[in-house]
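Engineer: sequence and predicted structure, then a few things I'm wondering about:
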Amino acid sequence: MIRRVSCLSVTILVLLGFAPGSELRFCLRNEPRTFNPLLVEDDASETVRYLTGGVLVRSNRQTQKLEPELAVSWKLSKDGRQITFQLRNGVSFSDGTPFSADDVDYTIKQMMDPALHSPTGDAFRSGTGTVNAQVLAPDRITITFPAPVAGLDQLFDQVAILSAHSSNKEKAVLGPFMVADYKPGSSLVLNRNPNYWKTDGQGHKLPYLNAIRLDIQPNRDIEVLRFKRGELDLINSLDSEYFDRLASTSANLVHDAGPSLDSEQMWFNQVAKAPIPDYKRKWFRSTNFRRAVSMAINREDLSRVVFNGHARPAIGPISTANKFWFNQALKTDAYSPDAALAKLQLDGFHLQNGTLRDAVGNAVEFSIITNAGNKYRERMAVLIQQDLQKIGVKINVVTLDFPSLIERISQSFNYEAAMLGLTNVDLDPNGQMNVWLSSSENHQWNPQEKFPETAWEAEIDKLMREQASASDPKKRKKAFDRVQQIVAEQAPFIYLVNRNALSAVSISVSGATPVILRPQTYWNIERLTITTETARR
Amino acid sequence: MSFIRKLACAILVVVIVAALGANWFARADYATQFREAPNAPPSRAHLLGTDDIGRDRLSRTLYGTRISLLLAPTAALLSTLMAALIGGVAGYLGGIWERLAMALTDLFLSLPWLFLLITVRALLPLNVSPFVSVVVTFLMLGLLGWAASARVLCAGARSLRNSGLLLQARALGLHGIRLFAVHVVPNLRPILLAQFWVSIPVFILSEANLGILGLGVAEPMPSWGSLLKELEGLTSLGDQPWRLVPLVLLILVVTSFQVILSSEEVTA
Amino acid sequence: MVWRIIRHLLAVVAIVLVGGLACATLVRFAPGFATDEQQLDPRLSAESLQALHQSHQAERNILRFYAGYMKRAVRGDLGISHSLNQPVSTLFRDRIPVTLRLVAAGLALGWAIALSLALTTALARANAYSLVAIALSGALLCIPAAVLAVLSVLLNTPGYLAIALIVFPKVFTYSRSLLSRAYSSPHIIAARAKGLSALRILFWHVLPVTAPSLLAVAGISVSLALGAAIPIEALCGLAGIGDLAWQAALGRDLPLLVNITILVALITLIANSGADVVGHALRGQES
């Protein structure tokens, strides 16, 4: 009976024009820098890792729940230092080598090797000491960390298992696809992994697709053009202006999944040794000044004008889309130039002939740097320039190439204010630890403080360490809620907007349900199908 | 004066008057943002529509014309003079001087001057005024844009060096700088003019591209280059043909200049 | 003549070597050197960040870096691109033919259009024809290269057409000026008056006079075309050296940039030296 139903299902699929197989086509914005899954840092390499890497557990991008993959079950110790995986049997790598606990052991050793400097491995580093992986059986392994690791099980979603025994180390994969052909600068073709372990509910081997073709195309205009012409099947991350353009002709092809986890923000340079005038440093270190600037920015306009309504005013470091971690008690600073001026008056600022001056008479003027080529940031900067002009503040917008910008914000500190974005790959805020710890290099407004220079930074340090070492999600949430509260009060970052997760999917693609978590459109790649060539045209 | 030349003059006069009188002709300041109407089509209130953040495009075109019309020809003149000095003198002198100058020119043509421009940006204060930033940009373009035509000028001067014309002039007692200025430079005029015409639009477009390095016109000041950059979203122009106006304007101005000043060659 | 060629070759080698060092110096002392986007990744530990900063240590002393590069280069090892994580020689092997084909085809087409239009406008009595040609070249000068590239993709035309449309107006402007000047010189007017055919005047009296300058224009048009290749390749999805050059510049990839500069210098110098040698040979024939 089941076999008859399966045959009937396949027949129906074929009649409807669903060719089992076929090639999915989309673009990478840049050249992948590495095919070693442990060294993945950029988006393009991350795409390849997601499509080819087999992981022990997978965070379902739609339900945001952790699901078994190569591990059928797992157990976390109460202190958050140890995790034991029960592995799936009968699984092989793409080259036929059998998968076992030895491969997990090998992967962990590689990942945690200090000489490798794996970004994936760094996410697991919670304290000094070595990580021990103990193979209990061919299908069972325990990994013990020197200190508790916040969200330990979730982190394994990013760990693609390498083969310990294959001669083809990086090329032997456990994921649904494998790298077949790579033309640097041009394209990357992934073929179906014939040894992929997963099957669908009817027992058919997954993935449904035969191949994926990734063209390297940095230009978004051309990407959209090719999508419209039917040369591409999806655009994973679509800009708002292209969304509206596509929506005007083919509304069924575009998807707005709502606010993403990413945010755009600006901050002031508070570094003591920065080569900026002392009186400006004094402004930037004043909470009233920062809050006033925040109040003077019209975030609704930023969302509406710059992003055509495909963004929401941001409130803090956590997007409202992150339902568990977002502090529901927080509200964004309401746009009010009058309230901004009132706040500034508390520090002795006053308006004189339309120009805001500080207590000693210096006209308030500063520059905002941002990366050139990102037209949304450039436009936001121009809107903010106009908003702050209403309270007598003069802003100079300076766009710089990215390396020059990085040099200024992390080495020379020769800047006054900066605007960048934060890309949150996962829901757990522990990934932002190095942004909040005052001793960290990524503590953008004042990196590598020898000791916290303010009481509120000291409190944030304490809370972040607390949430990192707690295993109870409620305790962690309470600590991080308080961090969000402090950030809202002190405004070291002025959060501007959370962009919506926008994507485009051709009608020839079946099974795609775009979500906010990356990768938005092909998170369930093994279940996507392509209709026949006729339907594609 | 031919009809075409009169037409070209008229176009230039209209453009220059409109640019200089932008304060009167423009309905709004170039920086004012009409946020309720971003990307609006042409209307009574905004004759050329508005840009992505609601600024009146006509105002920005008029004010941008001032900047580009003043500075691009100045930079082009600078690069032409430098090319004449280096290439022309090298070709006139010949020998080791010519070889050294051409080696320097070839080296100049090969180097990635992008990094010099990045360094210049780093040396400028962040709070430099938009006008100073754009002046520095065009100055840099002028100082860096001479190499290609220097080679052509050198070849031209070299040809003249042993020509009958110069032999006769030498026989009449002309030497050195006077010979160069009176007999060589005028005969290099076609190449000098070509260099000048080519440089103007090239510099206007380059200024916009230098925005990626932090140079060029800073917001909210407009320039032709920044207006032309909007064309890079070309796939949408079928719906917004009014975005082509700055391009049409630039073409009209460049062509008009060429028609007026090279009219003796047009009628030959 | 042989000595002239040898002298040119020696000059080429010397300039290329100096050019490589000059490029390395420019990149080394430009802001943003030794930075990496990875620095902004909050996941990285302090040790990983430290390793990232250390990874550019070998490039800080520019003379040592360049000497080491030269030593390896003579053995065929051009270094590793740290922005793309690939050997430079592999990148060049795959990409140089793409760029050479694109540039060669673009130059050939650009010159063919420019020279035919320049000749016909110089010869034509009709002002309207000249005006149309001037307007066309003026229009193309004013269109950004990025727009031409997007149009090329939109209309499914080959990338070399975009290169040709970038090269044509510049070559046309120069060659029209030179040819117009030549045709308006007294001895050409006299030759016309005497009834010499147009072809005879062109090949015997005009081209020999304008050839040295036209050859110089040919030489510099190679640099123009190489420069135009950068946006065209990047936007048309052509994996050539131009696309690589832009990525390398924005990524401050010193090994890649030095190699690209040397390559560009070599091509530019060969083109310009070739133009000089041929120009000299023609002048020798003339005298």
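Structural biologist: Alright, I've got the coordinates.

Engineer: any low-confidence regions in the stretch 101-250 of chain B?
Structural biologist: For the stretch 101-250 of chain B, applying pLDDT under 70 flags the ranges B:233-237.

Engineer: and the host helix or strand of C:A271 with chain B, contact?
Structural biologist: For C:A271, the host element (DSSP states H and E) is helix C:254-286. Yes: interface with chain B: helix C:254-286 contributes C:257, C:260-261, C:264-265, C:268-269, C:272, C:275-276, C:279, C:283 (C-beta under 8 Å from any C-beta of the partner chain). Where you see a C-beta, it was placed from the backbone N, CA and C, and this is true even at glycine.

Engineer: list the contacts for C:L254?
Structural biologist: C:24, C:27-28, C:33, C:56, C:59, C:65 (C-beta atoms under 8 Å, 6 or more residues apart in numbering or on different chains).

Engineer: tell me the centre residue of the chain?
Structural biologist: Using chain A here. A:V425 (2.7 Å; C-alpha atoms, centre = their mean).

Engineer: not quite, go with chain C.
Structural biologist: C:S223 (2.2 Å).

Engineer: for the contacts of C:L254, which one is nearest chain B?
Structural biologist: C:V27 (5.4 Å; C-beta to the nearest C-beta).

Engineer: does the host helix or strand of the closest one reach chain B?
Structural biologist: Assigned by DSSP H and E, C:V27 falls within helix C:2-29. Yes: Helix C:2-29 lies within reach of chain B by C-beta under 8 Å from any C-beta, at C:11, C:14-15, C:18-19, C:22-23, C:26-27, C:29.

Engineer: touching, the residue nearest to the centre of chain C and B:L109? I think so.
Structural biologist: Yes: at 4.9 Å, C:S223 counts as touching B:L109 under the criterion of C-beta atoms under 8 Å.

Engineer: quick one: distance of the helix holding C:A271 to the chain centre.
Structural biologist: Between the centre of helix C:254-286 and the centre of its chain there are 10 Å (C-alpha atoms, centre = their mean, to the nearest Å).

Engineer: do stretch A:352-368 as well
Structural biologist: 38 Å.

Engineer: any idea of the mean pLDDT in it?
Structural biologist: Taken as a whole, stretch A:352-368 has a mean pLDDT of 96.

Engineer: what distance separates the start and the end of that stretch?
Structural biologist: 23 Å (C-alpha to C-alpha, to the nearest Å).

Engineer: which residues are in contact with it?
Structural biologist: With C-beta under 8 Å, 6+ apart as the test, stretch A:352-368 has contacts from A:266, A:279-280, A:282-283, A:344, A:347-351, A:381, A:384-385, A:391-398, A:415-419, B:126-127.

Engineer: which ones among those residues map onto helices?
Structural biologist: Secondary structure defined by DSSP state H assigns A:279-280, A:282-283, A:344, A:381, A:384-385 of the contacts of stretch A:352-368 to helices.

Engineer: how about those residues in a markdown table, adding neighbour count?
Structural biologist: Shown next, in a markdown table, are those (neighbours: other C-beta atoms under 10 Å in any protein chain shown):
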| residue | neighbour count |
| --- | --- |
| A:Y279 | 13 |
| A:K280 | 20 |
| A:K282 | 15 |
| A:W283 | 24 |
| A:L344 | 27 |
| A:A381 | 24 |
| A:I384 | 26 |
| A:Q385 | 19 |
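
Engineer: so which of the residues you listed also contact chain C?
Structural biologist: Of the ones in helices among the contacts of stretch A:352-368, not one also sits near chain C (C-beta under 8 Å from any C-beta).

Engineer: out of these, which comes closest to A:F493?
Structural biologist: A:I384 (14.1 Å; C-beta to C-beta).

Engineer: quick one: pLDDT of the closest residue to that closest one other than its chain neighbours?
Structural biologist: Among residues not flanking A:I384 along the chain, A:I297 sits closest, at 5.6 Å (C-beta to C-beta, 6 or more residues apart in numbering or on different chains). Looking at A:I297, its pLDDT is 98.

Engineer: any stretches of chain C with poor pLDDT?
Structural biologist: If you take pLDDT under 70 as the line, chain C has these spans: C:125-126, C:284-287.

Engineer: report the longest helix in it, please.
Structural biologist: Max-length helix for chain C by DSSP H is helix C:88-123.

Engineer: just the angle between that helix and helix C:254-286, please?
Structural biologist: 40 degrees (axes from the mean of the first three to the mean of the last three C-alpha atoms, to 10 degrees).

Engineer: that older thread, buried subset of the residues of helix C:254-286 next to chain B?
Structural biologist: C:257, C:260-261, C:264-265, C:268-269, C:272, C:275-276, C:279 (16 or more other C-beta atoms under 10 Å in any protein chain shown).

Engineer: CSV for those, including distance to chain A?
Structural biologist: Formatted as CSV, these follow (distance: C-beta to the nearest C-beta, whole Å):
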residue, distance to chain A
C:L257, 12
C:I260, 14
C:T261, 18
C:V264, 18
C:A265, 22
C:T268, 23
C:L269, 26
C:N272, 28
C:A275, 31
C:D276, 34
C:G279, 37
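
Engineer: chain B: which of those is nearest?
Structural biologist: Distances from chain B to those, taken by C-beta to the nearest C-beta, are shortest for C:A265, at 3.6 Å.

Engineer: and the contacts of the next helix or strand after the longest helix of chain C?
Structural biologist: With elements assigned by DSSP H and E, the helix or strand that comes after helix C:88-123 is helix C:127-142. With contact meaning C-beta under 8 Å, 6+ apart, helix C:127-142 is reached by B:2, B:4, B:197-198, B:201-202, B:204-205, B:228, B:247, B:250-251, B:254-255, B:258-259, B:262, B:266-267, C:117, C:120-121, C:124, C:165-166, C:168-170, C:172-173, C:176.

Engineer: shouldn't A:A150 be in contact with A:N430?
Structural biologist: Yes: using C-beta under 8 Å, A:A150 is in contact with A:N430, at 3.9 Å.

Engineer: shared neighbours of these two, which are they?
Structural biologist: With C-beta under 8 Å, 6+ apart, A:A150 and A:N430 have common neighbours A:467-468.

Engineer: dihedrals phi and psi, C:A239?
Structural biologist: Per-residue torsions, C:A239: phi -90, psi 80 (degrees, to the nearest 10).

Engineer: what is the burial count for it?
Structural biologist: 21 (other C-beta atoms under 10 Å in any protein chain shown).

Engineer: give me every residue that touches the closest residue to it other than its chain neighbours.
Structural biologist: Of all residues not flanking C:A239 in the chain, A:G185 sits nearest, at 2.6 Å (C-beta to C-beta, 6+ apart). Contact analysis of A:G185 by C-beta under 8 Å, 6+ apart lists A:31, A:216, C:94-95, C:239-240, C:243-244.

Engineer: same thing with A:R140?
Structural biologist: Neighbours of A:R140 in contact, by C-beta under 8 Å, 6+ apart: A:84-87, A:101.

Engineer: C:Y174 now?
Structural biologist: B:149, B:152, B:191, B:194-195, B:198, C:213, C:217.

Engineer: isn't B:L69 right up against B:V15?
Structural biologist: Yes: assessed by C-beta under 8 Å, B:L69 is found in contact with B:V15 at 7.4 Å.

Engineer: shared neighbours, the two?
Structural biologist: With C-beta under 8 Å, 6+ apart as the test, B:L69 and B:V15 both reach B:V253.

Engineer: skipping adjacent residues, who's closest to the residue in the stretch 251-400 of chain A that chain C sits nearest to in space?
Structural biologist: Nearest residue of the stretch 251-400 of chain A to chain C: A:L400, at 8.5 Å (C-beta to the nearest C-beta). In space, and not counting its chain neighbours, A:L400 is closest to B:G214: 4.4 Å by C-beta to C-beta, 6+ apart.
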